[in-house]
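>>> From the sequence below, what's the structure:
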Amino acid sequence: RVYDILDSKRDEIDGKLFLYQGSEPSTVYRYEGFIAGLKVMVEHQMAGLSYYLGDDSENGHLYGLVNIAAFIGQSMKETIQYDACDENSW
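Sure, this is the predicted structure:
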């Protein structure tokens, strides 16, 4: 269900969320790459960890969406706003 919701918002994610300096669509961060990376993290463990998209309960998908929002928020702070693909080491 989370993937369906994200897919329905693809244009908004690319055009209104993944923005360089808050106004221009990123040339580095695009929905296609985001969703491909997310699927890898959900379907395959990395260092014994996987990405949580919620459970099968009525509102379980909401936990997954909140998890994604937190991840994108952190990514925006560290890299997306600069259109950079390496995190900054302050």
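
>>> where along this protein do the helices fall?
Secondary structure of the chain (DSSP state H): helices located at 2-8, 10-12, 31-43, 60-78.

>>> What helices and strands are in contact with the longest one?
Applying 3 or more Cβ pairs under 8 Å, 6 or more residues apart in numbering; DSSP states H and E, one finds that helix 60-78 contacts helix 2-8. Heads up, the C-betas are built off the backbone N, CA and C, glycines and all.

>>> same for the helix it packs on, what does it pack against?
helix 31-43, helix 60-78.

>>> Determine the angle, from 0 to 180 degrees, between the first one and helix 60-78.
Read that as helix 31-43. 120 degrees (axes from the mean of the first three to the mean of the last three Cα atoms, to 10 degrees).

>>> what helices or strands is helix 31-43 leaning on?
Using 3+ Cβ pairs under 8 Å, 6+ apart: helix 31-43 touches helix 2-8.

>>> Run through this protein and note the low-pLDDT ranges.
86-90 (pLDDT under 70).

>>> Show residues contacting stretch 19-39.
Residues outside stretch 19-39 that contact it (Cβ atoms under 8 Å, 6 or more residues apart in numbering): 3, 6-7, 10, 13-15, 18, 51, 68, 75, 79-85.
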